[in-house]
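# no sequence on hand, only this structure:
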């Protein structure tokens with residue numbers, strides 16, 4: 001039943017919940033954290049932890065993507081980012097971190113105005129494959145038509161089509177839109193698409209043949225879509241709605257399972273726990289990993305929204321450097337603020353509530369706190 005409230009005489013709205021509005025409830029059974037499994041699988045690819053690194057230049061370089069892959073997660077490269085525009089973007093990344101706040105938007109647009117080079121797309125993906133990790137890259141829907149062949153020819157293992165909002169029915173009066181269903185059908189690699197935030201939108205994306213859908217608008221801490229467009233995603237409700245679409249699509253398709261991946265706003269370990277409790281299979285994490293000492297942003301964090309040529313919807317934020325990537329993932333924790341030992345916190349939450357794997361943990365009781 002929809003929990004609608006009256007906003008005014010001419011408008012009703014559904015009450016929704018963000019991750020800060022919900023909490024996980026302990027059950028009658030507990031387990032040892034060592035008995036808990038955080039592994040999962042997307043298509044033929046197995047991962048020890050349910051963490052994908054967001055395709056953002058402040059989070060992922062080829063080197064950090066390789067490192068995360070060796071730790072059992074997945075690093076997703078932004079194939080429209082600096083690593084595919086410049087042979088060596090390190091000096092520019094350092095410059096962005098040093099910029100005076102009043103100069104950030106102007107200078108970051110200049111830096112990202114350099115054209116994307118197909119040769120660098122191939123080179124970066126090849127670098128990941130040669131390191132022996134799952135090679136994953138992301139393009140926006142607008143750039144997919146132009147660059148997908150370079151991505152696939154380079155041997156990408158998992159391909160992400162990620163935007164602020166991705167729909168199965170984009171309408172355009174001045175260019176032929178990407179036909180997601182036909183595109184995914186013709187590819188030989190699993191495709192994960194998003195973001196989406198509603199049951200209906202997710203169901204349509206699942207019907208395109210996507211291996212997974214991203215839930216949320218991405219960007220998280222560095223995004224200002226709420227301020228500029230008035231659009232926001234209360235993630236707890238969005239994940240739960242899309243998980244319902246996953247269940248119904250399984251019935252509709254005769255058992256085909258589409259992974260639900262929470263994307264954005266997962267800055268601390270408690271957010272990760274609650275996103276899975278609401279129904280997520282995996283997590284696309286940005287700011288939490290941007291705090292790693294190895295992260296390319298040098299303690300700063302920004303996404304593609306920050307350098308949009310006409311409508312910037314994000315900014316550079318200072319997140320600091322709290323620990324190495326390994327310690328952020330596996331601890332030991334340095335403080336009680338949820339910024340380190342993300343996987344350890346997930347294990348403890350699962351053990352405290354008596355669940356042994358991620359699929360079981362999706363059944364945990366959740367309460368609202370407001």
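The structure has been received and is ready for your questions. Owing to the predicted nature of the structure, the values given are computational and were not obtained by experimental measurement.
# would you mind measuring from residue 196 to residue 36?
Residue 196 sits 30 Å away from residue 36, taking CB to CB, to the nearest Å as the criterion. C-beta here means a position set from N, CA and C on the backbone, and glycine is covered the same way.
# what residues are up against residue 13?
Listed by CB atoms under 8 Å, 6 or more residues apart in numbering, the contact set of residue 13 reads 4-5, 7.
# of all the residues you listed, which comes closest to residue 41?
Of all these, residue 4 has the smallest distance to residue 41: 38.0 Å, by CB to CB.
# before we move on, back to that, looking at the contacts of residue 13, which are in strands?
Counting by DSSP state E, the part of the contacts of residue 13 found in strands is 4-5, 7.
# TSV for those, including distance to residue 146 and neighbour count?
Output for those, formatted as TSV (distance: CB to CB, whole Å; neighbours: other CB atoms under 10 Å):
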residue	distance to residue 146	neighbour count
4	42	10
5	44	8
7	42	9
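# now, which of those residues sits nearest residue 157?
Using CB to CB, the ones in strands among the contacts of residue 13 come closest to residue 157 at residue 4, 42.9 Å.
# is it correct that that closest one is in contact with residue 11?
No - in this structure, residue 4 is not within contact of residue 11 by CB atoms under 8 Å, at 10.3 Å.
# contact partners for the one residue sitting closest to the centre of the chain?
Centroid-nearest residue in the chain: residue 284, 2.7 Å away (criterion: CA atoms, centre = their mean). Shown in contact with residue 284 (CB under 8 Å, 6+ apart): 52-54, 76, 214, 216, 218, 261-264, 266.
# now for residue 242: which residues touch it?
Under the criterion of CB under 8 Å, 6+ apart, the neighbours of residue 242 are 196-199, 202, 213, 215, 260, 279.
# one more pass at 10 Å, please.
Residues near residue 242 by CB atoms under 10 Å, 6 or more residues apart in numbering: 194-199, 201-203, 205-206, 213-216, 258, 260-262, 278-280.
# among those, which ones are buried?
The neighbour-count criterion (16 or more other CB atoms under 10 Å) marks 194-199, 201-203, 205-206, 213-216, 258, 260-262, 278-280 among the contacts of residue 242 as buried.
# the stretch 1-150 of the chain: strands as residue ranges?
Secondary structure of the stretch 1-150 of the chain by DSSP state E, counting those that start in this stretch: the strands cover 4-8, 11-14, 22-24, 40-42, 45-47, 51-53, 74-78, 136-139.
# and the fifth one, which strands flank it?
For strand 45-47, sheet partners with direction are given as strand 40-42 (antiparallel), following DSSP bridges.
# list of residues touching the strand it pairs with?
Under the contact criterion CB under 10 Å, 6+ apart, strand 40-42 has outside partners 46-50, 52, 74, 134, 136, 157-158, 190, 192, 211-212, 259, 261, 281-282, 357-359.
# right, I'll leave it there.
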